[in-house]
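S.K.: What shape does this take:
(one chain, ligands or ions: 1)
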Amino acid sequence: MSPSEKATRRWDEERAQPSHNATDTLAKTPAMPSETYQQSFDSYRNYVGSEDRYDLIGAMQFDLMVRLGLREQHALLDIGCGSLRSGRLFIPYLLPGNYCGIEPNDWLIESGIQENLGRSIQAVKRPRFDHNDTFDLTVFGQPFDFLIAQSIFSHTSPVQTEACMRSARTIMTATSIFAATYFEGDESYTGDKWVYPGCVTYRKDDMRRMVEEAGLAFKYVDHFHPNGQQWFIAYDTAPLDGPTLHDDPGPFVGHLDDQAQTYPDVLTVWGWAAEANHAREGVDILILNEDGHLMARTTTNVRRDDVVEAFGQNAPTHAGWRASFGTALLNPGRHAFRAYAVDAAAENAYCLGVIKVKVTD
Ligand SMILES: C[S@@+](CC[C@H](N)C(=O)[O-])C[C@H]1O[C@@H](n2cnc3c(N)ncnc32)[C@H](O)[C@@H]1O
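M.R.: Here you go, the predicted model:
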């Protein structure tokens, strides 16, 4: 993107924000034309940004997270969830109890539920909220598969950004993905305060450093943002620290049957597995990439009549398994994914098969 395009996009983000609150950082960006509409910041919609894009900014987040692999069974943490601009899509999509939001301004959540979702959603989907402003992401006492912070690091001080990343690391598993936006700039904000409604910028190397210092990998994601913010993901890349891996099926019979692209950038792989004595339902399955990093984990819980037919009455009826994951954290090129079945003591994992997939940019 050329500097002039960037400037235009930056102005777009800020045109909905009053100049009297402009910060030093904001003052470096193009001035706000006087004819732009007034924004009162008293509505649940315009408090979080430009009202005319309220729907699209929510849709952008939902679309990205599904592209990253979000499925209904996953747990999602929405950091700075505001008035549920995206929550109004995530909450109905996810299974009950799987959406959590942190938002210090509780009136935003109240209005979002009242105006967009309706109170009945609380009984049906049981979203949970916390109002801390210290970026304590541990408050729900559970890990999350996906985390999102949309237009949060466009306002945080470095200390807040680092605190958020450190806390995120503690509630992320080997397969969790944290997606966030920020304004990339030539200078990094060095103040110690949350800036709002003005915006702050960070240099890419500073944002990368803050993510990596928290023990996570950092990668840009090419996903359109109408306000010119940059999406990135933070995630774990370490090889699986767990059972001893074996190249043979050991005490299991089973297979990695096939794979298919089930959404842009999302792969679903499937197969079946059973212990040779067919005794156990619910075998744990791991999908690893060629670096030994865990891409997905699941259990045998899909009905497979063909397995029962082949192995007789004593075979588990639910020997099938399915696992899906986003490919965003992989570099373009050929990748080999292996499926392993884990023994009951979780000490050994045995290979059921390998599948080769080409990941495109
Ligand atoms: C630009 S809005 C983005 C809201 C939401 N992520 C969205 O996309 O609609 C920034 C939000 O961060 C919230 N916020 C302010 N301080 C915060 C903090 N310390 N921790 C989490 N969120 C905070 C604000 O109240 C506001 O709702």
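S.K.: neighbours of the spatially closest residue to Asn331 that is not a sequence neighbour, just the number please.
M.R.: Leaving aside its sequence neighbours, Asn331 sits nearest to Val359 (C-beta to C-beta, 6 or more residues apart in numbering; 7.4 Å). C-beta here means a position set from N, CA and C on the backbone, and glycine is covered the same way. Val359 has 14 neighbouring residues, counting by other C-beta atoms under 10 Å.
S.K.: How about Met207: what's its closest non-neighbour residue?
M.R.: Tyr182 (5.8 Å).
S.K.: Please give the number of neighbouring residues around that neighbour.
M.R.: Using other C-beta under 10 Å, the number of residues around Tyr182 comes to 26.
S.K.: Quickly list what it is bridged to.
M.R.: Counting by DSSP bridges, Tyr182 is bridged to Gln230.
S.K.: Arg338 now?
M.R.: The partner residues for Arg338, given DSSP bridges, come to Leu288, Val354.
S.K.: show me the contacts for it.
M.R.: Leu256, Ile287, Leu288, Cys351, Leu352, Gly353, Val354 (C-beta atoms under 8 Å, 6 or more residues apart in numbering).
S.K.: wait, doesn't the third one sit right on His335?
M.R.: If I follow you right, that is Leu288. No: Leu288 lies out of contact with His335 (C-beta atoms under 8 Å); the separation is 10.7 Å.
S.K.: who's more crowded, these two?
M.R.: Leu288 (22 against 18).
S.K.: For the ligand, see how far away the more buried one is.
M.R.: According to C-beta to the nearest ligand atom, to the nearest Å, Leu288 stands 33 Å off from the ligand.
S.K.: what do you get for Tyr220?
M.R.: Tyr220 is 19 Å from the ligand, by C-beta to the nearest ligand atom.
S.K.: Now do the contacts for Thr138.
M.R.: Going by C-beta under 8 Å, 6+ apart, Thr138 touches Ser167, Thr170, Ile171.
S.K.: What pLDDT is listed against the nearest residue to the second one once chain neighbours are set aside?
M.R.: Among residues not flanking Thr170 along the chain, Thr138 sits closest, at 6.1 Å (C-beta to C-beta, 6+ apart). In the predicted model, Thr138 carries a pLDDT score of 98.
S.K.: how about the residue nearest the centre of the chain, phi and psi?
M.R.: By C-alpha atoms, centre = their mean, the chain has its centre lying nearest to Phe146, at 3.4 Å. Note on Phe146: backbone dihedrals following degrees, to the nearest 10 are phi -140, psi 140.
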